[in-house]
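Visitor: Sequence plus predicted model, see below.
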Amino acid sequence: MNRGNKYRAKKVTIDGITFDSQMEGRRYQQLKLLERAGEITHLVTQPEYKIVIDGKLICKYKADFRYIDQRRQCTVVEDVKSKFTAKNPVYRIKKKLVEAMYPGTKIEEVQA
């Protein structure tokens, strides 16, 4: 039995890409505008990061977006979060693991 999304988010499809929430879909549209304006490049949806310790896959973390910010000259990893989902303990630990295991990676939480 499919119980649906525990946060009651509604999936949305834009440009043939299915997003987990309307908020994430709105952020994608904002990022596409920034990409067209040349402010960001190399936009990737749902990039995956593997958490491997001593050769053993512990878990995977899937962000919402990754891109290069041309103004700041850095790679940005974004996760669209509501005030409820940002407090999820599994998300918090995965975020810390990714930031520790991938030097220079900082996950930014945005509300679109």
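Guide: Ah, there it is. The structure presented is a predicted model; accordingly, all values stated were derived computationally and were not measured.
Visitor: Looking at this protein, which helix is longest?
Guide: helix 22-36 (DSSP state H).
Visitor: can you pull the buried residues of that one?
Guide: For helix 22-36, the neighbour count (16 or more other CB atoms under 10 Å) marks 23-28, 31, 35 as buried. All C-beta spots, glycine's among them, are computed from the backbone N, C-alpha and C.
Visitor: Just flag the most distant two among those residues.
Guide: M23 and E35 (18.9 Å; CB to CB).
Visitor: and the longest helix of the chain, average pLDDT?
Guide: For helix 22-36, mean pLDDT rounds to 96.
Visitor: cool, stretch 69-86 as well?
Guide: 86.
Visitor: Check stretch 101-111 too.
Guide: Here the average pLDDT along stretch 101-111 is 88.
Visitor: measure it end to end?
Guide: End-to-end distance of stretch 101-111 (CA to CA, to the nearest Å): 25 Å.
Visitor: heads up, I number from 55, so please use that
Guide: New numbering, starting at 55: the last item is stretch 155-165.
Visitor: Buried residues of that stretch, list them for me.
Guide: Per 16+ other CB under 10 Å, stretch 155-165 contains these buried residues: 156, 159, 161, 164.
Visitor: how would you label the second one: helix, strand or coil?
Guide: Okay, so that is T159. Per DSSP: H, G, I helix; E, B strand; the rest coil, the local secondary structure of T159 is coil.
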